Structures are given as structure tokens and as C-alpha cells.
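Colleague: sharing a model that was predicted from the sequence below.
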Amino acid sequence: QVLLVESGGGLVHPGGSLRLSCAASGSIFSINAMGWYCQVPGKERELIAAITSGDSTNYADSVKGRFTISRDKAKNTVYLQMNSLKPEDTAVYYCYGDVWVVGGHNYLGVWGQGTLVTVSS
């Protein structure tokens, strides 16, 4: 079994910063791409940022220049540095990883449980 556990969410004022972390644990052989998604009530989950195993990154237009995704492969951890936060960034943020488990035959998509980010004055 593989678990992705997010941390770092919370309440922040507009213009502030937060750093989200997502650590993968369990019977992991390797992790391919990892990413961060956000979701607000009544809307579909949408991709915010992704990073490949080769450290290529891509971002949603709404967060370009404000958010930075990075990863520590040795720790099976992905981060999301969120700067210049806006009220519209308020959402539940989910971590995602393409994980090859030990003894597996292909990459499987694994989701974290989500962490709430609230941007409000």
C-alpha cells in the first residue's frame, strides 16, 4: 500500500505565502510524475502544477509566476511553494503521484487526502 500525505495548509492573508508538502510512503519502487491539484465546492479538481521524473514542470496559467513545484526524490516528497496568495486560491489542495509499487506491473495513480488552503483577510 502507498500513501500520500499532504501538510502545510491553513489560513493565510492575501499576499501571504504557504508551502505545501506531500510525502509518499509504503512499498514504493519508483515515482514518475507528481503534481498538485485544487478543488473548490461545485467544481472539478484541476491541475495546478506538475513535475516529471526529469524535473520538468508545468503550471496552470492562474498560478504561473506565483507558485513553484519541486521534489526531493530521495524523500519521495513533492512541495508547492505558494506566494502572493489571492482569495481565489482558496481550495482543497490534493497531491498526486504516478507510483510503481514494489512487485507491481505499471504505474498507478495515487491521491493524497487533501489539505485546505484558505486565503482571507
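Modeller: In hand now; what should we look at? Numbers count the residues shown, from 1 in each chain.

Colleague: what ranges does the protein have for its strands?
Modeller: 2-7, 10-12, 18-26, 28-39, 46-51, 57-59, 67-72, 77-82, 91-101, 108-111, 115-119 (DSSP state E).

Colleague: now do the first one, average pLDDT.
Modeller: The average pLDDT within strand 2-7 is 96.

Colleague: other SSEs contacting that strand?
Modeller: strand 18-26, strand 91-101, strand 108-111 (3 or more Cβ pairs under 8 Å, 6 or more residues apart in numbering; DSSP states H and E). In this view, the C-beta of every residue, glycine as well, is placed from N, C-alpha and C.

Colleague: cool, and the second one?
Modeller: The elements that strand 10-12 packs onto, with contact taken as 3+ Cβ pairs under 8 Å, 6+ apart, are strand 115-119.

Colleague: the strand it packs on: partners in the sheet, and parallel or antiparallel?
Modeller: Using DSSP bridges, the strands paired with strand 115-119 are strand 10-12 (parallel), strand 91-101 (antiparallel).

Colleague: buried stuff in that strand?
Modeller: 115, 117, 119 (16 or more other Cβ atoms under 10 Å).

Colleague: of those, which is the nearest to residue 58?
Modeller: residue 117 (20.2 Å; Cβ to Cβ).

Colleague: tell me the contacts of that closest one?
Modeller: Contacts for residue 117 were tallied using Cβ atoms under 8 Å, 6 or more residues apart in numbering; they are 9-10, 12, 18, 20, 38, 82, 85, 89-93.

Colleague: what's the residue closest to the geometric middle of the chain?
Modeller: Nearest residue to the geometric centre of the chain (Cα atoms, centre = their mean): residue 36, 2.8 Å.

Colleague: phi, psi for the residue of the chain most remote from its centre please.
Modeller: When each C-alpha in the chain is compared with the mean C-alpha position (Cα atoms, centre = their mean), residue 103 comes out farthest, at 25.6 Å. Backbone torsions of residue 103, given as degrees, to the nearest 10, read phi 80, psi 0.

Colleague: quick thing: my sequence starts at 579, can you match it?
Modeller: Okay, residue one is now 579; in that scheme the one you just asked about reads as residue 681.
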